Structure formats: C-alpha cells, structure tokens
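*Asks:* coordinates only, no sequence provided:
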C-alpha cells in the first residue's frame, strides 16, 4: 500500500481562470505537468474567452 499523505503536503497550482488553488489528485498522477485548470467548467470558460 502507498504511503498516506496529509492534504497540506500535496502539490498545488493556481487555476488561471478562477485564480483558486487546487491540489494534486491521484487521477492526475501521470499528467500533473499538463494540468492547467481546476475543473471542466474552468477549462470550458477558458476556451470561450479565447
């Protein structure tokens, strides 16, 4: 089993759309460097802006 971590120990990024911090998630493990938005909603909003 994997080592448990505190949520405060996980890496964070700022969402460029809503400017809120969001933390690393297990499902983003392999693509964390490519993740830019905190949610699908912010990703769609960014496309509408462009």
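*Replies:* Arrived safely, thanks for sending. As the structure is a prediction and not an experimental result, all values here were calculated from the model.

*Asks:* what about residue 35, how many neighbours?
*Replies:* Neighbour count for residue 35, taken as other CB atoms under 10 Å: 15. C-beta coordinates here come from the backbone N, C-alpha and C atoms, glycine included.

*Asks:* what does it show for phi and psi?
*Replies:* phi -70, psi 130 (degrees, to the nearest 10).

*Asks:* count of neighbours near the closest residue in space to it that isn't next to it in sequence?
*Replies:* Using CB to CB, 6 or more residues apart in numbering and skipping the chain neighbours, the partner closest in space to residue 35 is residue 28 (5.1 Å). Residues near residue 28, counting by other CB under 10 Å, number 15.

*Asks:* cool, and residue 29?
*Replies:* Other residues near residue 29 come to 8 when the count uses other CB under 10 Å.

*Asks:* looking at the chain, which helix or strand is least sure?
*Replies:* helix 40-49 (a mean of 93; mean pLDDT, DSSP states H and E).

*Asks:* could you measure from the residue nearest to residue 35 over to residue 8?
*Replies:* According to CB to CB, to the nearest Å, residue 28 and residue 8 sit 18 Å apart.

*Asks:* before we move on, what about residue 50?
*Replies:* For residue 50, the distance to residue 8 - CB to CB - is 34 Å.
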